[in-house]
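Asker: What would the 3D arrangement of this be:
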Amino acid sequence: MKIKRLIASTLVGAMAFSLAACGSSSSSSSSSGDATSSDAEATVESTAEEGTLVVGLYNSLDSLNPWTSGQITKDMVTFCLYETLASAETGSTDLDYILMKDYTQVDDYTFDVEIYDYITDAEGNNITAADVVFSFGQYMENWATTVESIEATGDYTFEIVLNTAAEGSFEYIVCEVPIASETAYNNSPDQFSTTSCGTMPYVCEGGADYVSGSTIICRKTDSYWQTEEDLIYEGSVANADTIEFDILTESTQLALAIENGTVQVAQFIDASLLDEVSTTDGVELAALAFPEDRGIMFCMTEDSIFYDNLALRQAILYAIDNETVAEACGYGYGEASVVTCGNSELTIGYDESWESDRYHYDPEKAKELLEEANYNGETIRLLCNDNAAITMLWQTVQANLQAVGINAELNVCEGTTYGTYRDGTSGQYELAYAGPGNAGYATTDLWDTLFNRNNYSSGCTWAGLYDDELQALYDALTEPNGYTQENVNAFYEYITENALYYQIYDLDWYAAYNTSAVESYFVDRRGFILANTVVLAE
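Answerer: Here you go, the predicted model:
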């Protein structure tokens, strides 16, 4: 059985990030936390039944299918039910094996991988290499990837061929794809939409345990396939007897839930509510330190006002007051970005020379460039979804642009429509929020999402640009021994000089937990507290 790479027209890898708008993505490290309170008296009392962990999630889920959608809130449930081949700190090539027993790199693009021969799922199905191939195939139907092909070579061995030799590409993909049994999927009454059957020691049986848009209950199974304790991945433990995910559609509801003890862990507190939550007795914030990098991109199709008009693009960037946007959207927790596209902790090859703050706020410079660009008051549509944080960002940017004489208007739409419109060929915007999240492996995450036109059926970049020089610079990074500092800097400089992307500000993620109920936890590489790892206080 062999799966060939599919070119998807949907967004790539880091897209998700939409979190219906909070942004998101991969994170820099896996870490453990001790949940201790400095308060002598904790006033919040948990309302959960003994042995049950209640986790509040902000936003909604489309289904439990582990291979569709890219919502970070869905990942918080998915990875309590399904495992990947391995895990790694983003920005590192050191793997923690999970289902994978070992691998050999055959050449720059080819890897032979072996999995354990005793892996079973919640129904007792033996997981084989054919199931890994099946799982990758399901994933690749929904996401463009760096996988050229994957083929079972034995019962527990398979060959994976990548289309890139960039550093970190193999490590990235083996940490991304949830693995499940093809038999279990086919036997599922709804192809895992409301039920699960993974290799994790939890299962959702559907029915009353899955109430769409409201509650998802995961129950601990009687057994877990990996019985050798020293081989159990730290993120695969099962501490609570039951995990109840309560889905809350308003950020204020999530804050209230952790404040009054309705939930014991609240994943992602809205920045506007962090001060309020942090002052609640018995509640502690968990700074996850995985920045959400918020940026914008220009529509670059040939009929766009920005196509072949560098001065106009630069005028836009000089007109934006990063500090004001960061303060307005981050409520004191955000920081204005000083780089065009990257993160000092997460980007492989990050260079401090990038920190030039190239397009610092300079409204007079913006006005000069507008004249040079022959701007005549054309309408610039700012693509905005109805999420409060993104709306705030665009309202602030709109005011900045209008202040220098740019006719900027908001094009507001709901989340699903917004995601569809962000493809530059949609014709629905001149400026769009990109926010592909954290650029860990630049060529398989942020840069790949934004600038690799090979990922899109249109043959253009995400923003609709067809640029041979840009593609050649990207391709150079993916060649054997091509991910050099010189090539990384050349690619970054091209993006910056040509004003193809603009990172406005960074905002760390914060969760919150009830200190009287939570003793410790583990933070996943994706930047959230893995619910199954939470140790409940006795």
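
Asker: and whichever strand or helix holds L256, what does it pack onto?
Answerer: In this assignment (DSSP states H and E), L256 forms part of helix 251-260. Judged by 3 or more CB pairs under 8 Å, 6 or more residues apart in numbering; DSSP states H and E, helix 251-260 is in contact with strand 52-58, strand 242-248, strand 265-267, helix 274-278, strand 510-514. Just so you know, the C-beta spots here come from the backbone N, C-alpha and C atoms, and that holds for glycine as well.

Asker: Single out the most deeply packed of the ones you listed.
Answerer: Most buried of the helices and strands packed on helix 251-260, by mean neighbour count (mean count of other CB atoms under 10 Å): strand 265-267, with a mean of 28.

Asker: gap between it and the chain center?
Answerer: Chain-centre distance of strand 265-267: 17 Å, with CA atoms, centre = their mean, to the nearest Å.

Asker: and it, what other elements does it pack with?
Answerer: Where contact means 3+ CB pairs under 8 Å, 6+ apart, strand 265-267 is packed against strand 52-58, helix 251-260, strand 510-514.

Asker: Can you work out which other helices and strands pack against the last one?
Answerer: I take that to be strand 510-514. If you count contacts as 3+ CB pairs under 8 Å, 6+ apart, strand 510-514 packs onto helix 251-260, strand 265-267, helix 274-278, strand 283-287.

Asker: That one versus helix 251-260: what angle between them?
Answerer: With axes from the mean of the first three to the mean of the last three CA atoms, to 10 degrees defining the directions, strand 510-514 sits at 30 degrees from helix 251-260.

Asker: The stretch 151-300 of the chain: helices as residue ranges?
Answerer: For the stretch 151-300 of the chain, the helices defined by DSSP state H, counting those that start in this stretch cover 169-174, 182-187, 251-260, 274-278.

Asker: Can you give me the buried ones in the longest one?
Answerer: Across helix 251-260, burial judged by 16 or more other CB atoms under 10 Å covers 251, 254-259.

Asker: re earlier: of all the helices and strands packed on strand 510-514, which lies closest to S223?
Answerer: Each of those has some distance to S223 by CB to CB; the shortest is strand 265-267, at 25.7 Å.

Asker: Each with direction, which strands does the closest one pair with?
Answerer: strand 52-58 (parallel), strand 510-514 (antiparallel) (DSSP bridges).

Asker: what about S149, which SS state?
Answerer: Following DSSP: H, G, I helix; E, B strand; the rest coil, S149 is assigned to strand.

Asker: correct me, but it touches L162?
Answerer: No - under the criterion of CB atoms under 8 Å, S149 is not in contact with L162, lying 9.1 Å apart.

Asker: Sketch out the low-pLDDT regions of the protein for me.
Answerer: The chain contains residues with pLDDT under 70 at 1-32, 34-48, 69-70, 90-92, 289-292, 435-445.

Asker: Please name the bridge partners of the residue nearest to D102 when sequence neighbours are not counted.
Answerer: Excluding the flanking residues, the one nearest D102 by CB to CB, 6 or more residues apart in numbering is E114, at 5.1 Å. Applying DSSP bridges to E114 gives these bridge partners: D102, T157.

Asker: Tell me the spacing between E114 and D362.
Answerer: With the distance defined as CB to CB, to the nearest Å, E114 ends up 57 Å from D362.

Asker: List of residues touching the helix holding L256?
Answerer: The contact list for helix 251-260 (CB atoms under 8 Å, 6 or more residues apart in numbering) reads 44, 56-58, 246, 248, 262-266, 268-270, 272-273, 276-277, 280, 283, 388, 512-514.

Asker: between that helix and strand 242-248, how big is the angle?
Answerer: 140 degrees.

Asker: Include distance to G207 when you put the helices and strands packed on helix 251-260 into a markdown table, please.
Answerer: As requested, those are arranged in a markdown table below (distance: least, CB to CB, whole Å):
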| stretch | distance to G207 |
| --- | --- |
| strand 52-58 | 18 |
| strand 242-248 | 15 |
| strand 265-267 | 24 |
| helix 274-278 | 33 |
| strand 510-514 | 28 |
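
Asker: Buried residues of the host helix or strand of E364, list them for me.
Answerer: Counting by DSSP H and E, the element that carries E364 is helix 363-372. If you call a residue buried by 16+ other CB under 10 Å, then helix 363-372 has these buried ones: 363, 365-370.

Asker: Show me how far it is from its chain's centre.
Answerer: For helix 363-372 - counting by CA atoms, centre = their mean - the centre lies 36 Å from the chain centre.

Asker: can I get the CA coordinates of it in PDB?
Answerer: Written as PDB, here are the backbone C-alpha positions of helix 363-372 (Å, rounded to 0.1, in the frame of the first residue of the first chain):
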ATOM      1  CA  PRO A 363       3.600  58.300   9.300                       C
ATOM      2  CA  GLU A 364       5.600  61.000   7.500                       C
ATOM      3  CA  LYS A 365       7.600  58.300   5.700                       C
ATOM      4  CA  ALA A 366       4.400  56.600   4.900                       C
ATOM      5  CA  LYS A 367       3.000  59.700   3.300                       C
ATOM      6  CA  GLU A 368       6.100  60.200   1.200                       C
ATOM      7  CA  LEU A 369       5.900  56.600  -0.100                       C
ATOM      8  CA  LEU A 370       2.200  57.100  -0.900                       C
ATOM      9  CA  GLU A 371       3.200  59.900  -3.300                       C
ATOM     10  CA  GLU A 372       5.900  57.800  -4.800                       C
END
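
Asker: Given the helix or strand following that helix, what are its sheet partners and their directions?
Answerer: Once helix 363-372 ends, the next helix or strand along the chain (criterion: DSSP H and E) is strand 379-385. Applying DSSP bridges, strand 379-385 is found paired with strand 407-413 (parallel), strand 431-433 (parallel).

Asker: Pull the residues that contact the first one.
Answerer: What that stands for is strand 407-413. 377-386, 391, 394-395, 397-398, 401-402, 421, 428-429, 431.

Asker: Same question for the shortest one.
Answerer: Strand 431-433 is contacted by residues 294-299, 316, 380-385, 390, 393-394, 397, 408, 421-422, 424, 463 when judged by CB under 8 Å, 6+ apart.

Asker: What subset of those is buried?
Answerer: Neighbour counting over these (16+ other CB under 10 Å) leaves 294-299, 316, 380-385, 390, 393-394, 397, 408, 421-422, 424, 463 as the buried ones.

Asker: just to revisit the earlier point, please tabulate the strands paired with strand 265-267 in CSV, including the columns distance to D190.
Answerer: Shown next, in CSV, are the strands paired with strand 265-267 (distance: least, CB to CB, whole Å):
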stretch, distance to D190
strand 52-58, 21
strand 510-514, 30
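
Asker: Quick check, R294 in contact with Y501.
Answerer: No - between R294 and Y501 there is no contact under CB under 8 Å: 11.5 Å.

Asker: quick one on the thing from earlier: select, out of the helices and strands packed on strand 265-267, the one closest to G213.
Answerer: Closest to G213 of the helices and strands packed on strand 265-267 is strand 52-58 (CB to CB; 10.8 Å).

Asker: on that earlier part again, pull the helix holding L256 out as PDB, backbone CA atoms only.
Answerer: Backbone C-alpha positions of helix 251-260 (Å, rounded to 0.1, in the frame of the first residue of the first chain) are rendered in PDB as follows:
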ATOM      1  CA  SER A 251     -14.200  34.100  26.300                       C
ATOM      2  CA  THR A 252     -15.900  35.700  29.300                       C
ATOM      3  CA  GLN A 253     -17.600  32.400  30.000                       C
ATOM      4  CA  LEU A 254     -14.300  30.700  30.200                       C
ATOM      5  CA  ALA A 255     -12.900  33.200  32.600                       C
ATOM      6  CA  LEU A 256     -15.900  33.000  34.800                       C
ATOM      7  CA  ALA A 257     -15.800  29.200  34.800                       C
ATOM      8  CA  ILE A 258     -12.200  29.100  36.100                       C
ATOM      9  CA  GLU A 259     -13.000  31.900  38.600                       C
ATOM     10  CA  ASN A 260     -16.000  30.100  40.200                       C
END
